[in-house]
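Participant: give me the fold of what follows.
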Amino acid sequence: MSFDPASILPDDLLERLRARAADIDRRNVFPDADLVDLTEAGYLSILVPRDLGGAGLTLEQASALQQRLAGAAPATALAINMHLVWTGVAKVLADRGIGALRFVQEAAANGEVFAFGISEAGNDLVLFGSGTDAAPTPEGGYAFTGTKIFTSLAPVWTQLGLHGLDTTSADAPQMVYAFVPRSEEAAGRVVVRDDWDTLGMRGTQSRTTELHGALAPADRVVRRLAPGPNPDPLVFGIFSVFELLLASVYTGIARRALDLAVAAAGKRTSKKTGQAYSQDPDIRWRIADMALAYDALPPQLSALCRDIDELADHGPRWFSLLAGVKHRAVTAAKGIVDEAILVAGGSSYFSASELSRLYRDVLAGLFHPSDPESAHATVATAWLGPVEG
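Facilitator: Numbers count the residues shown, from 1 in each chain. Sure, this is the predicted structure:
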């Protein structure tokens, strides 16, 4: 049976989100009203099984929804993405018979909001290493000390999923993945800086988070793994869901830019020919080039998401496939927005233009893992083998 994203995100809801986006960007605030609307629509639990109170959607369906949401409110989509990553990882594990993140599914169905605390300044190891110290506690939990950057949903998250490095246990070093509750902020062990003043994606409010011995209880410590590349299902789940849902957001931006370009071409009229710009051969070539780039993205996302859902086994190729689709989506989206601005003309240079905002928002895609250098290195290794020596 085919899935209609409008059944979860109807047009009237999208128009409300779109109508708020410019003001949220201008004032550099979190989209609180968007979160209320999306929570009421059950959006935060779309990947939670029905028997736990969610919508029971697949990753492929969530990808389609994130594309649709990003076309209306990119910053809202990117912020919610980070919550969906954790519920998506829980689904990936559960589908493979691992219940370690069942509590994430139950909590998401009950209204909790999960943030993604992995990024650290200068840490190009990403999932394979951490500059955050994870010190074991006598109760079996961990105390985390370090600084996380780009922590989306900063004003509203209730649980922070993060990692750190245990250097003191008998089997050290070990990467520790756990969840810290928001209550640690009241104790002074979590400090959220109000420092999100950026070029674009302002509504995500992805502020810096300081950890000063922030406590994750024993029942929220989900993995201890050796540093470095690891085939553990948790690492695979994080990488796969993160890359695919990120690519979905930027694919949604690309589609919106293409739609705006088509609309502009139909409205603008050439003084030279008296015809609509939609009849101009150069404009037609630009829009065709945008469409050629865009049309390749949704099928790729759909196929890879379906492979995750259906437990396909691409073996060691998985990481190059996932890094590749994220890289292609971001690169194509940036090019499409550039072309859309040329089609729309000088009016798009004004800050009131939606294309002006998309131009700034789409740049954020370059900074998410896998960045261009990492993606190329991953793909080169897949095809040529590791660098010798």
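
Participant: next secondary structure after the helix or strand where residue 243 lies?
Facilitator: Assigned by DSSP states H and E, residue 243 falls within helix 233-267. Of the helices and strands lying after helix 233-267 in sequence (DSSP H and E), the nearest is helix 281-295.

Participant: elements contacting that next one?
Facilitator: With contacts defined as 3 or more Cβ pairs under 8 Å, 6 or more residues apart in numbering; DSSP states H and E, the packing partners of helix 281-295 are helix 233-267, helix 318-344. For glycine as for every other residue, the C-beta is placed from the backbone atoms N, C-alpha and C.

Participant: in JSON lines, list the ones you listed along with mean pLDDT.
Facilitator: Output for the helices and strands packed on helix 281-295, formatted as JSON lines (pLDDT from 0 to 100):
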{"stretch": "helix 233-267", "mean pLDDT": "98"}
{"stretch": "helix 318-344", "mean pLDDT": "98"}
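
Participant: and the helix holding residue 243, what's buried?
Facilitator: By neighbour count with 16 or more other Cβ atoms under 10 Å, helix 233-267 contains the buried residues 233-258, 260-262, 264-265.

Participant: now do stretch 9-18
Facilitator: Those would be 9, 13, 14, 17, for stretch 9-18 by 16+ other Cβ under 10 Å.

Participant: what mean pLDDT does it have?
Facilitator: Average pLDDT, stretch 9-18: 98.

Participant: what residues does that stretch touch?
Facilitator: In this structure, residues lying in contact with stretch 9-18 by Cβ atoms under 8 Å, 6 or more residues apart in numbering are 31, 33-34, 37, 41, 43, 65, 68-69, 71-73, 76.

Participant: chain center to that stretch, what's the gap?
Facilitator: 20 Å (Cα atoms, centre = their mean, to the nearest Å).

Participant: where do the domain boundaries of this structure fall?
Facilitator: What automatic domain parsing lists as the domains of the chain is 5-112, 115-225, 233-384.

Participant: just how off-centre is the last one within its chain?
Facilitator: Just to be clear, that refers to domain 233-384. Centroid displacement of domain 233-384 relative to its chain, using Cα atoms, centre = their mean, is 14 Å.

Participant: got the angle between the helix holding residue 243 and helix 281-295?
Facilitator: In terms of direction (axes from the mean of the first three to the mean of the last three Cα atoms, to 10 degrees), helix 233-267 departs from helix 281-295 by 160 degrees.

Participant: which other helices and strands does helix 233-267 contact?
Facilitator: helix 59-72, helix 74-95, strand 221-225, helix 281-295, helix 297-309, helix 318-344, helix 354-362.

Participant: so which of these gets nearest residue 182?
Facilitator: The minimum distance between residue 182 and those falls on helix 74-95, with 13.4 Å, by Cβ to Cβ.

Participant: the helix or strand following the closest one to strand 221-225, inter-axis angle?
Facilitator: Sequence order places helix 102-109 as the next helix or strand after helix 74-95, per DSSP H and E. Per the same axes, to 10 degrees, the angle that helix 102-109 makes with strand 221-225 is 140 degrees.

Participant: skip the chain neighbours and tell me the closest residue to residue 124.
Facilitator: residue 374 (7.3 Å; Cβ to Cβ, 6 or more residues apart in numbering).

Participant: please name the nearest non-neighbouring residue to residue 247.
Facilitator: residue 329 (3.7 Å).

Participant: tell me who's in contact with that neighbour.
Facilitator: Shown in contact with residue 329 (Cβ under 8 Å, 6+ apart): 246, 247, 248, 250, 251, 254, 297, 301, 365.

Participant: separation between it and residue 296?
Facilitator: Applying Cβ to Cβ, to the nearest Å, the value for residue 329 to residue 296 is 10 Å.

Participant: then residue 354?
Facilitator: 24 Å.

Participant: ok, residue 282 next?
Facilitator: In terms of Cβ to Cβ, residue 282 sits 23 Å off from residue 296.

Participant: same check on residue 176?
Facilitator: Distance from residue 176 to residue 296, by Cβ to Cβ: 39 Å.

Participant: before we move on, what about residue 196?
Facilitator: 33 Å.

Participant: those two: which is more packed in?
Facilitator: Legend: neighbour count by other Cβ atoms under 10 Å for residue 196 and residue 296, higher for residue 196 (22 against 14).

Participant: isn't there a helix covering the more buried one?
Facilitator: No: checked against DSSP: H, G, I helix; E, B strand; the rest coil, residue 196 lies outside a helix; its state is coil.

Participant: surely it and residue 202 touch.
Facilitator: Yes: using Cβ atoms under 8 Å, residue 196 is in contact with residue 202, at 7.1 Å.

Participant: quick one: common contacting residues for those two?
Facilitator: Counting by Cβ under 8 Å, 6+ apart, the residues touching both residue 196 and residue 202 are residue 28.

Participant: correct me if wrong: residue 204 contacts residue 78.
Facilitator: Yes: shown here, residue 204 and residue 78 form a contact pair, counting by Cβ under 8 Å, at 5.2 Å.

Participant: pLDDT score assigned to residue 1?
Facilitator: On pLDDT, residue 1 comes in at 56.

Participant: run a quick neighbour tally on residue 171.
Facilitator: Neighbours of residue 171 under the rule other Cβ under 10 Å: 8.

Participant: and it, what element?
Facilitator: Here residue 171 sits in a region with no helix or strand, counting by DSSP H and E.

Participant: what's the closest non-adjacent residue to residue 151?
Facilitator: Closest residue to residue 151 apart from its sequence neighbours, by Cβ to Cβ, 6+ apart: residue 209 at 4.3 Å.

Participant: correct me, but that neighbour touches residue 116?
Facilitator: No: taking Cβ under 8 Å as the definition, residue 209 is not a contact partner of residue 116, at 10.6 Å.

Participant: all strands of the stretch 101-250 of the chain, in order?
Facilitator: For the stretch 101-250 of the chain, the strands defined by DSSP state E, counting those that start in this stretch cover 114-117, 133-136, 142-151, 159-166, 174-181, 190-192, 207-216, 221-225.

Participant: return the most buried member of the ones you listed.
Facilitator: Highest mean neighbour count among the strands of the stretch 101-250 of the chain (mean count of other Cβ atoms under 10 Å): strand 114-117, with a mean of 26.
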